[in-house]
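Asks: Provide a 3D model corresponding to the input given below.
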Amino acid sequence: MTRLRGRLFGLQVLIIAMLVVLVVRLWQVQVVQGPRYVTLAAEVRTREVRTPALRGAILDSSGRPLVRNRTTLVVSVDRSRLERMPDGGEAVLRKLSSVIGMPYERIKERIRACGPGVSKPCWPGSPYTPIPITDRVNPRQAMQILERQEEFPGVTAEIQAVRDYPNGKDAAQLLGYLQPVTQKELEQREGLKASFSGVDLTGRDGLEATYDAELRGKPGLRRVQVDRMGKVIAEQERVAPVPGDILVTSIDARVQSIVEKSLDQAMRDAPQADGAAAVVLDVKTGRVIAMASRPTYDPAVWTGGISEKEYQRLLSEKSGKPLISRAIRGEYAPGSTFKISSVAAMVADGYPLHGTYPCPSSYTAEGRAYSNAGGMSLGSITLHTALVKSCDTVFYRAGHEMWRKDGGNTAKPGAKETMANMARAFGFGRRTGIDLPGEAAGLIPDRRWKLDLWRSTRDEMCRRAKTGYPEMKDKARAAFAKRLAHENCVEGHIFHAYEAVNFSIGQGDVLVTPLQLARAYAALVGDGKLRSPRVGWALFRPDGTLVREIPVPVEGKLPISDEVRNYIRKALSEVASDGTAAGAFRGFPFDQVNVGGKTGTAEVWGKADTSWFASFAPAEDPRLVTVVVVSQGGWGASTAAPAARRIWEGIYGIGKDENGKPRKPALPGGQPPARLPVIKDGAAVQ
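Replies: The predicted structure is shown next:
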């Protein structure tokens, strides 16, 4: 009996303890944590729906659309809702497949999450937002989905704005493209959550990326109350989306079209060519009038999702990586177009501007002979003639002599390195700062660079000096590479005479981008100021209110006198009429517009020569600079110069068009628009 009472007492204590714990817990939940759970309950019943803003258009300098929006029916799928279904949403997707005529497997591919090892198409955006499946549906198909929502839970069909490219492939790399904002980006950049709607796209390249924040606008917000089934029972708040700003650029659509067609012709003229680029720059303002690259692609491939096959093509070496803009990312040896910097360096080092210099058929430096182009010998000439006729041996001698002054193989402390420093003063070897992402810096080799390179590659070079390159199929090339590795292992820190000689004519390790060269020529033939080019000109609200004009920064001034600049400009003014480009400009009406310039032919080991032509007009008072480069295009006079001529003919309206009619000038008088276009109701007033 005593034992039974003890057990009952223990049971009573346990029950009382449990009641006490329950009361305490109820007190905590209702009193202490009550406000928190009230908030959580309200959040469960409240849903926020963000609606994307209309993305701003991109216009040319006269208000013509380069990128605009068009409305289309878009079918989207809420993957998170499908995943909560017993069959993972398979039945819904199969019904959707039969309605829109898209294979079930393709729909599954489009809604799967992108990640390591997952090929495109896939969805790189947030998994909690509707995923666009297709924008190629008709109203009848959309109505089937909307009228039978009980059969298509998680599927919507609504009118959305998508990007449209009225000029096709023109300026594809310059304009850039859009992709969904990823969940990782939202997590890493907290501020994006407020500025993105979840189904918004973000700029991934070109102007779309640089001016993404302005073009995107602000998404709208609907805060609604829903029941436990997710049905809307009340709307608490509605905030309308704010459309993005309109970007007016300095690009002229007509000039852009001319440049694009000229590059196409240049590629056809040089069957071995594997790439090309062209830049047209306003000398007085530093703004970009046109910029093109080859190979190119149609930016419309991004609209509605890109296929795996097309995506891989855009990235492949075989297709030439058309996503890359060779105008700002392509790095090439500039050849003789670089001689403007070399002449300036010679004068800065004490060589007389109006002196005479021997131009033999070859020049010997440290036991090695360097031939003049074509083996020509012009006797004693001026620097003026050296530029017009492109005499290499004049510059070989100067480069060699400056190298010896600096100490030769053993550099003196504080060596002047005038050639390299002048090149940097012309803006080479560093990015121009253009308002486009992914710009390359180029390379200006000097003694410091050579030492750093040797330190970073010495171990590998010494290893290769012993093992060679057995993986190379070409035995002669492998033997040469092994000898070069041995040389770099033993004395790779020395800046040799041959490097200085090659430097003087823009060869060897010198690399520049077409934009860098265009900027250097604009500074030379303009006011001497080195500007950071801009494509964006101004931003407007859709109602026409000017948000801001985009300035062109001045980065510096060429360290040469006006006398030297004018001397070089006048020499270059004869290149097209009487110099190395005379053949390409035969029959050109120089009395209407005088074009100046400089050809360049850069040797590339294992490939055909790189063809260059840097030009400006009118030669007496330049307003525009045009630079053309064709990789593996051969002589500068044979491919790049004719391409530049076609561009100038289109700009000034010279000759006849393809239909035999007098050509209309793209820029009357060669003058870009001086005033911004008038914007009204989201478009330019023509």
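
Asks: going forward, measure contacts between C-alpha atoms and count neighbours the same way
Replies: Fine.

Asks: shaky segments in the stretch 201-350 of the chain?
Replies: Scanning the stretch 201-350 of the chain for pLDDT under 70 picks out 224, 226-235, 304-308.

Asks: and the strands in it?
Replies: Applying DSSP state E, counting those that start in this stretch to the stretch 201-350 of the chain gives strands spanning 201-203, 220-226, 232-239, 246-249, 275-282, 288-294.

Asks: the fourth one: partners in the sheet, and parallel or antiparallel?
Replies: Looking back up the chat, that one is strand 246-249. strand 58-59 (parallel), strand 536-540 (antiparallel) (DSSP bridges).

Asks: which strands or helices does the helix or strand that the last one is followed by pack on?
Replies: This means strand 536-540. Going down the chain from strand 536-540, the next helix or strand is strand 546-549, by DSSP states H and E. Counting contacts by 3 or more C-alpha pairs under 8 Å, 6 or more residues apart in numbering; DSSP states H and E, strand 546-549 is packed against strand 536-540.

Asks: show me what counts as buried in the strand it packs on.
Replies: Buried residues in strand 536-540, counted by 16 or more other C-alpha atoms under 10 Å: G536, W537, A538, L539, F540.

Asks: who does the fourth one bridge with?
Replies: L539 has the following beta-bridge partners by DSSP bridges: L247, R548.

Asks: so it sits against D245, correct?
Replies: Yes - taking C-alpha atoms under 8 Å as the definition, L539 is a contact partner of D245 at 6.1 Å.

Asks: could the strands of the stretch 201-350 of the chain go into CSV alongside mean neighbour count and distance to R463?
Replies: Output for these, formatted as CSV (neighbours: other C-alpha atoms under 10 Å; distance: least, C-alpha to C-alpha, whole Å):
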stretch, mean neighbour count, distance to R463
strand 201-203, 20, 44
strand 220-226, 18, 62
strand 232-239, 12, 66
strand 246-249, 28, 52
strand 275-282, 28, 34
strand 288-294, 28, 38
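
Asks: show me what contacts A398?
Replies: Counting by C-alpha atoms under 8 Å, 6 or more residues apart in numbering, A398 touches M346, S504.

Asks: likewise for S341?
Replies: Per C-alpha under 8 Å, 6+ apart, neighbours of S341: M419, M422, A423, F426.

Asks: any idea which of those residues has the most stuff around it?
Replies: F426 (28 neighbours; other C-alpha atoms under 10 Å).

Asks: what's the burial count for the residue nearest to it when sequence neighbours are not counted?
Replies: Spatial nearest neighbour of F426, chain neighbours left out: A520 (5.5 Å); criterion: C-alpha to C-alpha, 6 or more residues apart in numbering. Applying the criterion other C-alpha under 10 Å, we find 26 residues in the vicinity of A520.

Asks: look up phi and psi at A520.
Replies: Backbone torsions of A520, given as degrees, to the nearest 10, read phi -60, psi -40.

Asks: dump the strands of the stretch 201-350 of the chain to a markdown table, plus distance to D621.
Replies: Output for the strands of the stretch 201-350 of the chain, formatted as a markdown table (distance: least, C-alpha to C-alpha, whole Å):
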| stretch | distance to D621 |
| --- | --- |
| strand 201-203 | 39 |
| strand 220-226 | 52 |
| strand 232-239 | 54 |
| strand 246-249 | 24 |
| strand 275-282 | 12 |
| strand 288-294 | 18 |
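
Asks: for those strands, which one sits closest to I550?
Replies: Among the strands of the stretch 201-350 of the chain, strand 246-249 comes nearest to I550, with 9.5 Å by C-alpha to C-alpha.

Asks: who's in contact with that closest one?
Replies: By C-alpha under 8 Å, 6+ apart, strand 246-249 touches 56-61, 63, 215, 535-542, 676, 682.

Asks: of those, buried ones?
Replies: Judged by 16+ other C-alpha under 10 Å, buried ones among these: 56-61, 63, 215, 535-542, 676, 682.

Asks: how about stretch 477-495: buried residues?
Replies: 478, 481-486, 488-489, 492-495.

Asks: now swap in stretch 664-675 and tell me
Replies: So stretch 664-675, judged by 16+ other C-alpha under 10 Å, has buried residues K664, P665, A666, L667, G670, P672.

Asks: mind checking how far that stretch is from the chain centre?
Replies: Averaging C-alpha positions (C-alpha atoms, centre = their mean, to the nearest Å) puts stretch 664-675 26 Å from its chain's average.

Asks: picking up where we left off before, out of the strands of the stretch 201-350 of the chain, the one nearest D562 is which?
Replies: Evaluated with C-alpha to C-alpha, the strands of the stretch 201-350 of the chain place strand 275-282 nearest to D562, the distance being 19.7 Å.

Asks: returning to what we had before: residue contacts, the residue nearest to F426?
Replies: F426, G427, L530.

Asks: can you list the domains in this structure?
Replies: Listed by automatic domain parsing, the domain ranges of the chain are 53-249, 253-333+512-537+552-670.

Asks: need those domains in JSON lines (columns: distance to G468).
Replies: JSON lines is the format used below for the domains of the chain (distance: least, C-alpha to C-alpha, whole Å):
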{"stretch": "domain 53-249", "distance to G468": "35"}
{"stretch": "domain 253-333+512-537+552-670", "distance to G468": "19"}
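
Asks: winner for burial among these?
Replies: domain 253-333+512-537+552-670 (a mean of 21; mean count of other C-alpha atoms under 10 Å).

Asks: start to end distance for that domain?
Replies: End-to-end distance of domain 253-333+512-537+552-670 (C-alpha to C-alpha, to the nearest Å): 14 Å.

Asks: then stretch 107-117?
Replies: Rule used - C-alpha to C-alpha; the end-to-end distance of stretch 107-117 is 19 Å.

Asks: quick one: average pLDDT of it?
Replies: The average of the pLDDT scores along stretch 107-117 is 81.

Asks: distance from it to the middle of the chain?
Replies: Counting by C-alpha atoms, centre = their mean, stretch 107-117 comes out at 27 Å from the chain centroid.

Asks: the strands of the stretch 201-350 of the chain: which one's closest to F338?
Replies: Using C-alpha to C-alpha, the nearest of those to F338 is strand 275-282, at 16.5 Å.

Asks: parallel or antiparallel, list what pairs with that closest one.
Replies: Short version: by DSSP bridges, strand 275-282 pairs with strand 288-294 (antiparallel), strand 624-631 (antiparallel).

Asks: output the shortest one as PDB, restricted to C-alpha atoms.
Replies: Listed next in PDB are the C-alpha coordinates belonging to strand 288-294 (Å, rounded to 0.1, in the frame of the first residue of the first chain):
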ATOM      1  CA  VAL A 288      32.100  57.100 -80.400                       C
ATOM      2  CA  ILE A 289      30.200  57.500 -83.700                       C
ATOM      3  CA  ALA A 290      30.400  53.800 -84.700                       C
ATOM      4  CA  MET A 291      32.000  50.600 -83.400                       C
ATOM      5  CA  ALA A 292      31.900  47.200 -85.000                       C
ATOM      6  CA  SER A 293      33.500  43.800 -84.600                       C
ATOM      7  CA  ARG A 294      33.700  40.600 -86.700                       C
END
